[in-house]
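Trainee: When you get a sec, could you give me coordinates for this:
(one chain, ligands or ions: 2)
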Amino acid sequence: MDLSLFFAGTAGSVPTARRGLPALLLRRGGDRLLFDCGEGTQRQLLRTVGLPDMQAVFLTHHHADHWLGLPGMLKSFELRDREAPLTVYGPPGTSDLMRAMRTVYGRLRYPFTVVDLEAGDAVARDGYEIAPFNVRHRGHAFGYAIVEDERAGRFDAELATRLGVPFGPDFGRLQRGEVVNGVSPAQVIGPARAGRKIVISGDTAPCEMVRVAAHQADLLVHEATFTAEERDRALQTGHSTAHQAAELARDAEVRMLALTHVSTRYAGTEIRDEARAVFERAEVPRDFDLIEVPYPEKGEPELQRYDAEGARA
Ligand SMILES: [Zn+2]
Ligand SMILES: [Zn+2]
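Mentor: Ligands and ions are numbered 1, 2, ... in the order given. Purely as a prediction, here's the structure:
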């Protein structure tokens, strides 16, 4: 099962020529879920991967840089005769916010639902769930943990053969839980393995909840609005420095850290260098970069740079 995260916008607060406002597109099988929808998100998607009929949009919080793109996108779906249902999830107050926006996006003929979540209200999807947790920002703000269901344990084909189970349909019977030629599944199938986990911090000051949620995550997407020089400013505004995000990634033992929500004052390399001094597997994706998250036995998560010619570098 493929699992990847596309960075549609990596700026914080205000866009720059190079960075759009926050939006992340999660892709897993046929699922397309958008996390935040800053102004300009639909165009960021249209220029690159296309605007998918995503099944859901998850808002981290209600600061304008994280949702202003939503009314326009809802309207576009209406104009192109979307029929598939769409649900918008967010912290308490999301339904009030969307109701106030109704004068902007008007009547929608496709099924449209808005759900206010509380921390811990996991949204179940086929094979995984999306769980919101509280972070430390100004106002009620969520991070989200995307957690796959457990997978079956590893099947030891060599051992099964040695114990007298011939290669072929009998392997399948063992994997479905049947005893074959006196060999039980437990003899040749290891313990269930954890699914993959991606954690998105949203806007937050360094926060214990993020560290707990991100424990041994395959990928942590954490905000790094500032560098350590602006530590006081980060504290005042409820944001994190690259150094703080990297310390948290190290303590949470994540496989990869992707830093985003970068302030206009930085090009990105200073954020990356500061983080890597603490945590080597840190990246600062640019707009349209992609991170593939394979199962641990298949390799490490990799940042794929976008190149404007259309092919990935
Ligand atoms: Zn923000
Ligand atoms: Zn914010």
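Trainee: Tell me how far the residue of the stretch 101-250 of the chain found nearest ligand 1 lies from His62.
Mentor: Nearest residue of the stretch 101-250 of the chain to ligand 1 (C-beta to the ion) works out as Asp203 at 4.4 Å. All C-beta spots, glycine's among them, are computed from the backbone N, C-alpha and C. Note on Asp203: its distance to His62, by C-beta to C-beta, to the nearest Å, is 11 Å.
Trainee: ok, the two, which is more surrounded?
Mentor: Asp203 (28 against 17; other C-beta atoms under 10 Å).
Trainee: Regarding the more buried one, what is its secondary structure?
Mentor: coil (DSSP: H, G, I helix; E, B strand; the rest coil).
Trainee: contacting residues for it?
Mentor: 12, 60-61, 63, 66, 135, 137, 141, 223, 225, 238-239, 261 (C-beta atoms under 8 Å, 6 or more residues apart in numbering).
Trainee: run the last query once more with 10 Å
Mentor: Residues near Asp203 by C-beta atoms under 10 Å, 6 or more residues apart in numbering: 12-13, 22, 36, 60-61, 63, 65-66, 135-139, 141-143, 223, 225, 237-240, 261.
Trainee: pLDDT wise, what is it at?
Mentor: Per-residue confidence (pLDDT) for Asp203: 98.
Trainee: Contact partners for the closest residue to it other than its chain neighbours?
Mentor: Of all residues not flanking Asp203 in the chain, His137 sits nearest, at 4.7 Å (C-beta to C-beta, 6 or more residues apart in numbering). Applying C-beta under 10 Å, 6+ apart to His137 gives the contacts 60-61, 63, 143, 201-205, 207, 223, 237-240.
Trainee: do the same with Leu97
Mentor: By C-beta under 10 Å, 6+ apart, the neighbours of Leu97 are Leu59, His62, Trp67, Leu70, Val88, Gly90, Pro91, Val114, Asp116.
Trainee: Quick check: phi and psi on the last one?
Mentor: When you say that, I think you mean Asp116. Dihedral pair for Asp116: phi -80, psi 120, per degrees, to the nearest 10.
Trainee: my read: it touches Thr87, true?
Mentor: No. Judged on C-beta atoms under 10 Å, Asp116 makes no contact with Thr87 at a distance of 11.6 Å.
Trainee: Find residues that contact each of Asp203 and His62.
Mentor: With C-beta under 10 Å, 6+ apart as the test, Asp203 and His62 both reach Gly139, Ala141.
Trainee: Around Asp149, how many other residues sit close by?
Mentor: Neighbours of Asp149 using other C-beta under 10 Å come to 12.
Trainee: got it, and the one 5 residues further on?
Mentor: A count of neighbours around Arg154, defined by other C-beta under 10 Å, yields 13.
Trainee: How about it, nearest residue that isn't a chain neighbour?
Mentor: Gly190 (4.4 Å).
Trainee: One more: Lys75?
Mentor: Tyr105 (4.8 Å).
Trainee: Which stretches in the stretch 51-200 of the chain count as helices?
Mentor: 70-79, 94-105, 157-162, 169-175, 185-188 (DSSP state H, counting those that start in this stretch).
Trainee: Find the closest residue to ligand 1 in the stretch 1-150 of the chain.
Mentor: For the stretch 1-150 of the chain, C-beta to the ion, closest residue to ligand 1: Asp65, 4.4 Å.
Trainee: Would you confirm that that residue contacts Thr10?
Mentor: No. At 11.8 Å, Asp65 does not count as touching Thr10 under the criterion of C-beta under 10 Å.
Trainee: Please enumerate the shared neighbours of the two.
Mentor: Joint contacts of Asp65 and Thr10 (C-beta under 10 Å, 6+ apart) are Leu21, Pro22, Gly38, His261.
Trainee: Kindly report the residues of the stretch 151-300 of the chain close to ligand 2.
Mentor: Asp203 (C-beta under 5 Å from the ion).
Trainee: Low-confidence ranges, the stretch 151-300 of the chain, go.
Mentor: Scanning the stretch 151-300 of the chain for pLDDT under 70 picks out nothing.
Trainee: of all of it, which residue lies closest to ligand 2?
Mentor: Per C-beta to the ion, Asp203 is where the stretch 151-300 of the chain lies closest to ligand 2, at 3.6 Å.
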